[in-house]
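**Student:** sharing a model prediction with you, sequence too.
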Amino acid sequence: MEDLKAACAGAVCVVMCSTCGHGDFPQNAGLFWSSLSAQNLASKELSDLRFCVFGMGDRSYADSFCEAAKKIEERMLELGAERLLEMGIGDDRDEEKWETGFLKWLPKLWLTLKAPEPEDDGRPKDPLFEVKYHDMAAVHTSPIVPPGAQLLSVVENKRMTPAGYERDIRHVALSKDGVDFPFDLGDAVAVYPENLPQDVDEALQFLSLDGNRVISVKCSENVSERHRRAFDRRVTVRQVLTNMLDLFGRPSRSFCADLARFANNAEAKALRKLSRSVGPDEFPHQDEWVALSEQCPTYFDLMKKFSSAKMPLEQLLSVLPLIKPRIYSIASDARYSPKAVEFTIVINQWKAKATGELKTGTCTKFIQQMPLDKQVACAVVCGTFQFPEKDTTPMVMVGLGTGIAPIRSFMQDKLYKKKNGIPTGPMVVFYGCRHEQEELLYKDEWKMFEQEGVLTKLVGAFQFDKPHYPPKQIFVSDKMAEQPELISDNLLEKGGYFFMCGPA
């Protein structure tokens, strides 16, 4: 707390904080919040501090949207700090994710502080990294592993839906052999994808970079711990483009402004126009960025479209975000299946609105093409499920699509316990998916769970199957209404627990 007060003496404290899950703080905010929320602080502990807060969240979590930032603001007010500006809100569901709200809030901050907005002369900014090339050097080219992650080997990557079916849903298993990778029931795993070799080759050629050249990278103060850990040793240019730079992710408007700094005059003008938000007196159709975004371009697509803008590697590192991990619920129980961690993953594919071109998400594109024995960087993410104290307490579960993954792990947990002499209670599963034949996953396992006496009943709700469709679609709620005793007996009379799991 003394560090906070010293840092903000004579200045304004601007706190930017995201919310994880259902109101949780991000990992790097834990120490800050524990200090701020300490009960032994005086009521006027921060009376000399002026502050404002910008919160980031996902409005689909309606009960905890930007909860972490709200808690920080409330606590700072309790401690006597002076709030200069209403909290800004960045929503991950907006067109530009949290940047949409931030770009609206930032001018208000400058106005409140009576400070001029920073001038931009359009020239390249100073890079955050210094890259040094080492010709004739050699390095061990193992994957760059983010802090807290470990390498697990692929032992199964099997498509479960028919080959001609529109959705590719996979069962993936990663070996824990020789790796200390403990997890609990209900946990998830952050999977760090890689850019595919053929895509990296294209990018290297376009950028006139030699992927085999060895580099050392010096980081400035304002970079992430993941950057620092990656560059605590020499790496190759190919490793950086494969494991770190989100070249094939979705760009934001602000990237156009960054790219413009390296373009010729004509392309720089076009890029600056793309980066500009539509004003209050203009119509949305005048926003060229919206029209371009309907093509679902990637960072690399924009670089190719405005090909005069060739960034050197140190600027790419400064401007492009890191490849983000994707979080998947674990579909196996650690004791029932101790040799591997398993997942149920749908390949994220869609057609671009403007062109009809089929697009695939960065992580699932990587997963779709993962060969056996491929090493994948993974980290355990603590789950948020609250389980009953007694194994005999009933559990009523709803699994929608790949949301069936954690429910499969719950069933394995109960089967392991039953086989080891531990009494278990009723387990009812309502399974919602589009079609029974194509998307009712793990069919043989549900029969086995029922025969072993751990699955009380599996009720399927198949949205688009005949005879009800067309015109009527069937949902899990319809099936619940048809068999209300499964709810009333297990939840109301026996005090059971209800779980609802959907696709992320």
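**Tutor:** In hand now; what should we look at?

**Student:** so where do the helices sit in the stretch 251-400 of the chain?
**Tutor:** Assigned by DSSP state H, counting those that start in this stretch, the stretch 251-400 of the chain shows helices spanning 253-260, 265-275, 288-293, 299-305, 313-319, 362-368.

**Student:** ok, the stretch 101-250 of the chain next?
**Tutor:** Using DSSP H, counting those that start in this stretch, the helices of the stretch 101-250 of the chain run over 197-206, 225-230, 237-243.

**Student:** can you say which of those helices is nearest to P470?
**Tutor:** helix 197-206 (40.5 Å; C-beta to C-beta). Just so you know, the C-beta spots here come from the backbone N, C-alpha and C atoms, and that holds for glycine as well.

**Student:** tell me how far that closest one lies from the chain's centre.
**Tutor:** A distance of 25 Å separates the centroid of the chain from that of helix 197-206, by C-alpha atoms, centre = their mean, to the nearest Å.

**Student:** secondary structure element holding F449?
**Tutor:** Using DSSP states H and E, F449 falls within helix 443-451.

**Student:** buried stuff in that helix?
**Tutor:** By neighbour count with 16 or more other C-beta atoms under 10 Å, helix 443-451 contains the buried residues 446, 449.

**Student:** show me where pLDDT drops low in the stretch 401-504 of the chain?
**Tutor:** Residues of the stretch 401-504 of the chain that meet the criterion pLDDT under 70 lie in 504.

**Student:** can you count the residues close to the nearest residue to L317 once chain neighbours are set aside?
**Tutor:** Distances taken as C-beta to C-beta, 6 or more residues apart in numbering place F129 nearest to L317, at 4.6 Å, with adjacent residues excluded. Neighbourhood size, F129 [other C-beta atoms under 10 Å]: 18.

**Student:** same check on the one 4 residues further on?
**Tutor:** For Y133, the tally of surrounding residues (other C-beta under 10 Å) stands at 12.

**Student:** OK, contacts around it?
**Tutor:** Listed by C-beta atoms under 8 Å, 6 or more residues apart in numbering, the contact partners of Y133 are 213-215.

**Student:** at 7 Å instead, please
**Tutor:** 213, 215 (C-beta atoms under 7 Å, 6 or more residues apart in numbering).

**Student:** in the sheet, who's paired with it?
**Tutor:** I215 (DSSP bridges).

**Student:** quick check: closest non-adjacent residue to D210.
**Tutor:** V237 (6.4 Å).

**Student:** hmm, the one you found is touching R213, no?
**Tutor:** Yes. In terms of C-beta atoms under 7 Å, V237 counts as a neighbour of R213; the distance is 5.2 Å.

**Student:** the more surrounded of those two?
**Tutor:** V237 (20 against 15).

**Student:** burial measure for K472, as a count.
**Tutor:** Neighbours around K472, by other C-beta under 10 Å: 10.

**Student:** check which helix or strand covers it.
**Tutor:** Using DSSP H and E, no helix or strand contains K472.

**Student:** how far away is it from A481?
**Tutor:** For K472, the distance to A481 equals 14 Å [C-beta to C-beta, to the nearest Å].

**Student:** also G361?
**Tutor:** G361 is 35 Å from A481, by C-beta to C-beta.

**Student:** what does L31 give?
**Tutor:** With C-beta to C-beta as the criterion, L31 and A481 are 48 Å apart.

**Student:** if we can go back for a sec, now the residue nearest to D210: how far from D199?
**Tutor:** Applying C-beta to C-beta to V237 and D199 gives a distance of 15 Å.

**Student:** any idea which strand is longest in the chain?
**Tutor:** As assigned by DSSP state E, the longest strand anywhere in the chain is strand 150-159.
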